[in-house]
Each structure stands twice: as structure tokens, then as C-alpha cells.
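J.: no sequence on this one, just coordinates:
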């Protein structure tokens, strides 16, 4: 409907420019918004106010000219001026209820669009070091990242979900040393235990599996335990493969799949890191100081320059990140979104600086704000009013598998995505497992199941319903019905906004509001009534609500049960 109103306004503006009532050289940008107060109509535009300066007329005078020049439309009852020059549009009942037929016709495709036009976008998320089980923070990244992939796909983007394994560096060495110590029967209390060793019980499991010479199948890698406690290289390879498999099992339990698993070690093996460092040197944005190699990140807005190669040798952690992102650009991703923890905030400027240094030198025209970042804040898990911090398996933190096992995949995913990523999140286990209206997941899913239950009960009365019965919608005149219609009509725009701004939490909030409106409507109005026409109208509205709830939940990776 917004597009229809925009077409009417543009037609009116063309008429006014052709008639000389408006300058022919103005470049109007028509925006349409939904009104908050239905006394002010259904839709509104500030176009008259944006044209006032160029047209040298008052906004209200321009608004009246536009209204007088609007083409006739059977979908409008009237348009009127409000305030300093807003134009409010009032839709007739047929136009208002048309959203029901759209939903029933389009089904699971309602809300989907082709804004992305098939352009390539990569979303990198989770990207945990293969040194232990995934913690709750990784779970938040998985929930947000996977929902972004679903939203972008719903908006017509060609999406690649990617997991970047940091399988090189000191943390991997610490992992190997920890497993080796366990292979030799040592524990954290022994004097020879590695200083930065991992102490969780999972290290014992890795060591036992290695010494038993078990085979590990992890995505693209197949490793057999050698069983030699002195072979640190074999232990390292086995431990990484073992924990990659464990993380993959955690993610599958969470309903998250990746298209690409990229190994940091491949950047070194393929020479990409060395090539990137040489490109940075050739760009003229590096220098030697105190035996170290520095990148002049201040040339690109950083507060100070950063070390690339340490004086004792070895590259700092952002250097392979620059190489990795140049690799992404070479793979043709027009848009790249990195979903990471807030502790990665400091890397944003230096990674972009490295990319721009190479881009400008080689004239690759990589945008200055590429890649995009979605940085999520920490998660606090509560049970019985107290914070839950650790699990026996991990030893020092709560794992995502612990949470899934306790509250289920649906509640875990919804709760982890229901707040803006930039906000800290408190995950209340007691609330997540409760079957009450205070639990948003239960509340939303129950609305869906409630409609399914109504459909099942029709046969008890000898009635039936199908989308073909949606021909008495003019009977939906109650305020609660109008409120639901307006909420349903806002869904496609909301999905577009959520994808464009990387904000899946607004989908979660929308679904809770929609479920709330439906429950209130259901409790106040009988659905299965003898009046065929009114019953079919209300069932059509209810079915439209059910479909939108199902569509929205699928974008969050949450199921829509038919019975509860």
C-alpha cells in the first residue's frame, strides 16, 4: 500500500511540474510512514515540507496542491493536511483488509522481497577458536548471525554463512599442551601442568580419545589418534579436529549450518598473509621502528599506529584478519557482515585501515565502511535469582549445549536474539522454561497453536474454512480487528528494515506484540460462531496472523508448533 500511495504522489507531482505549479527541476523524494494514531489516517507523507524551500511556497500550500492533483484511487477514502504540512491518507476498508488476502495467497512468501537482487553477501559469525566447547556468548553470536542470514535471504540476497577457525597461534599450542599433559596422566594440580593450560573435563575426553586411537570426522578433516603422548604435533592436529567436531555438533543442536568453514592456517599455507604484508609495505603506509613493523593506521582514522610484525617475530592478530578480508573481497562479496563479540571492537578500525591501504594502492575501490560489524554484548545467565557462570564440562564457563539441554533450542534462540546485539542480555532460565504469558516464546507459539486448534475444532461443528472463504472481510470492523490488520500490513516493511540494519531483534519484538494483540482479540471475541460470514472473516484474520507468526519465527530459527 505504501508503494501505491507513493505512485499517487509522484503522479500528482508530475502534473504540478508540467503545469508550472512546481519548479520542473525539483527532485522529490517521496517517503511514506504509518501513522501512530489512526485518527490521523493510515499513512502519511512529509513530501510537501521537503519541497517548500525549492518551490518557495508554504508546506501547507504545497500539500493542498498535491491533494488536489492526486489521481483517483478506489483504495483511498480521503487525503487531508495535518500540522505544518503533513499529508494524511485514509484507506477504505477493502484496502485495509486486502493484507489478509495477500497473506493467504502468498503464504510463507509473505514478507519476502528482492531488495538484495541476488547480490552476494557473506555473514561470518561464531568463528570460535577450536579450543573448547562453545559458550553462551558464542550462542548469542550464532542466534544473531543465523537470523541475519535468514533475513537477508528473505530480502533477496545470495547469502553465504561462514565460520572462520582460528586454528593457528598460541591458544592452539596451549590446547595441545593441555591434552598432552592429560595423556600423560597429569592434572592441573601437578607442577608440570602448562601455565596457560585448559582445565575443563573436555580435555580429559580429548586425551582419552587420542590415546585410544579413535577416528575423528570433522567437516573437511579426518584425523586418527596416534596414541603417542610425546607426539605434540599429532596431539595438536587431533585436538583441533576433535573440538571442531564438538563445536559442529553444538551448532547442529542449535539449528545452525554453515556454507563455508575457513581455516586461519590456510592463509599462511597459501601465502596470503605474506602477500598482504608485502602489499601493505608497498602501499607506503608502513614503517620500521624498534625492530618491529608498523602500519600507519592513523592515516585511516585510528588513534595510534599499530604493530604488524613484533620485534621478536610473528604477526599480531589483526594482520591475518586483513588478509582474510581481502580474500573475501576477491571472492566477490559485495557486502560482508561480521557478527562478533564486543571485545572485537578494537579490531574494526585497524582491519579496515589495512584493507583501505591495500585497496587504494591497488585501486580496488573497496568501500571505506567494508566490512560491516555487528558486535554483541555479554550474556548473563540467571537461575533462581543467581548468576550461573560455569559448567563441569567446560570448567570455567557455561556452554551453549548446557543451555539448550535445559531450556530447549527454541527458547534459547529466541532469548538470545530478542534484544539488540548492542545491549547486554540477561537470560533468565526460570522464565525460559515457564509455560506462562510472561515467557515470550511460549506466548508467541501459543498464539500460533491457538489458531491451529480453532481449525481442528471446525469439524466438530460440521463447518469448514479455506482461503476461498475470505470474501466477507468487510465485517472486520472492531477496533481490535483493525489493530491486527495494521500490524499485519507492517510486517513486510519490518522484515526489510531488519535486514538492511542487521536488527533481527525487531522481528522478535514484533512477534510478541502481534501475539499479544491476537490473544487479546481472541479473549474478547468469539471465533466459532453460528454466523457463517462473520466466522469466516474472523477465521481468515486469525489464519493470517498464524501465517505471519510462522513466517517470523522461521526467520529466527524458532519452530511454530500446531499444538501445545
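T.: Nice, I can see it. Note that this is a predicted model, so its numbers are computed, not measured. Numbers count the residues shown, from 1 in each chain.
J.: Please report the number of neighbouring residues for the residue nearest to residue 471 when sequence neighbours are not counted.
T.: Computed as C-beta to C-beta, 6 or more residues apart in numbering, the closest residue to residue 471 that is not its neighbour in sequence is residue 536, at 7.8 Å. For every residue, glycine as well, the C-beta is placed using N, CA and C. A count of neighbours around residue 536, defined by other C-beta atoms under 10 Å, yields 21.
J.: How about residue 532?
T.: As a burial measure, the neighbour count of residue 532 was computed by other C-beta under 10 Å and equals 12.
J.: Could you number the chain from 731 rather than 1 from now on?
T.: Got it, first residue is 731 now, which makes that one residue 1262.
J.: For it, give me its contacts.
T.: For residue 1262, the contacting residues are residue 1193, by C-beta atoms under 8 Å, 6 or more residues apart in numbering.
J.: For it, give me the pLDDT.
T.: Residue 1262 carries a pLDDT value of 94.
J.: give me phi/psi at it?
T.: phi -60, psi -50 (degrees, to the nearest 10).
J.: what's the distance between it and residue 1207?
T.: For residue 1262, the distance to residue 1207 equals 17 Å [C-beta to C-beta, to the nearest Å].
J.: what's the answer for residue 1288, then?
T.: Taking C-beta to C-beta as the measure, residue 1288 and residue 1207 are separated by 33 Å.
J.: Just want the most central residue of this structure.
T.: The centre of the chain sits closest to residue 878, judged by C-alpha atoms, centre = their mean, with a distance of 2.7 Å.
J.: hang on, that one is in a helix, isn't it?
T.: Yes - when the secondary structure is assigned by DSSP: H, G, I helix; E, B strand; the rest coil, residue 878 falls within a helix.
J.: Tell me who's in contact with it.
T.: 853, 855, 1067, 1069, 1104, 1229, 1232, 1234.
J.: I'd like those residues as TSV, with distance to residue 885 and secondary structure appended.
T.: Putting the contacts of residue 878 into TSV (distance: C-beta to C-beta, whole Å; DSSP: H, G, I helix; E, B strand; the rest coil) gives the following:
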residue	distance to residue 885	secondary structure
853	13	strand
855	18	strand
1067	13	strand
1069	17	strand
1104	16	strand
1229	4	helix
1232	12	coil
1234	12	coil
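J.: Can you say which two of these are spatially most distant?
T.: The distance between the two most remote of the contacts of residue 878 (C-beta to C-beta) is 15.2 Å, for 855 and 1229.
J.: what helix or strand is the nearest residue to residue 958 once chain neighbours are set aside on?
T.: Sequence neighbours aside, residue 964 is the residue nearest to residue 958 in space, at 6.4 Å (criterion: C-beta to C-beta, 6+ apart). Residue 964 is part of helix 962-983 when elements are defined by DSSP states H and E.
J.: Identify each buried residue in that helix, please.
T.: Along helix 962-983, the positions that meet the burial threshold by neighbour count (16 or more other C-beta atoms under 10 Å) are 964-978, 980-981.
J.: pLDDT averaged over it, what's the number?
T.: Per-residue pLDDT values over helix 962-983 give a mean of 93.
J.: And for stretch 1218-1238?
T.: Averaging pLDDT along stretch 1218-1238 yields 97.
J.: related to what we said a few turns ago, contacting residues for the residue nearest to residue 1201?
T.: Shown here is residue 1266, whose contacts under the criterion C-beta under 8 Å, 6+ apart are 1195, 1199-1202.
J.: Pull the contacting residues for the nearest residue to residue 1279 once chain neighbours are set aside.
T.: Spatial nearest neighbour of residue 1279, chain neighbours left out: residue 1178 (4.7 Å); criterion: C-beta to C-beta, 6+ apart. For residue 1178, the contacting residues are 1276, 1279-1280, 1283, 1290-1292, by C-beta under 8 Å, 6+ apart.
J.: which among the residues you listed end up buried?
T.: For the contacts of residue 1178, a burial check counting by 16+ other C-beta under 10 Å picks out 1276, 1279-1280, 1283, 1290.
J.: Using CSV, lay out the residues you listed together with distance to residue 771.
T.: Written out in CSV, the entries for these read as follows (distance: C-beta to C-beta, whole Å):
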residue, distance to residue 771
1276, 28
1279, 27
1280, 30
1283, 31
1290, 33
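J.: need the contact list for the residue lying closest to residue 951 once chain neighbours are set aside.
T.: Among residues not flanking residue 951 along the chain, residue 971 sits closest, at 5.1 Å (C-beta to C-beta, 6+ apart). Residues in contact with residue 971 (C-beta under 8 Å, 6+ apart) are 946, 948, 951-953.
J.: got TSV for those, with secondary structure, neighbour count and distance to residue 1253 too?
T.: TSV is the format used below for the contacts of residue 971 (DSSP: H, G, I helix; E, B strand; the rest coil; neighbours: other C-beta atoms under 10 Å; distance: C-beta to C-beta, whole Å):
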residue	secondary structure	neighbour count	distance to residue 1253
946	strand	22	54
948	strand	20	51
951	strand	15	55
952	strand	10	57
953	strand	20	58
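J.: show me where pLDDT drops low in the stretch 931-1080 of the chain?
T.: Applying pLDDT under 70 to the stretch 931-1080 of the chain flags the ranges 949-950.
J.: So which residues of it form strands?
T.: Assigned strands in the stretch 931-1080 of the chain, in chain order: 945-948, 951-954, 990-993, 1016-1019, 1022-1025, 1036-1039, 1065-1071 (criterion: DSSP state E, counting those that start in this stretch).
J.: go on, the stretch 1131-1280 of the chain?
T.: Taking DSSP E, counting those that start in this stretch as the criterion, the stretch 1131-1280 of the chain carries its strands at 1155-1158.
J.: where does it dip in pLDDT?
T.: Those would be none, if you go by pLDDT under 70 across the stretch 1131-1280 of the chain.
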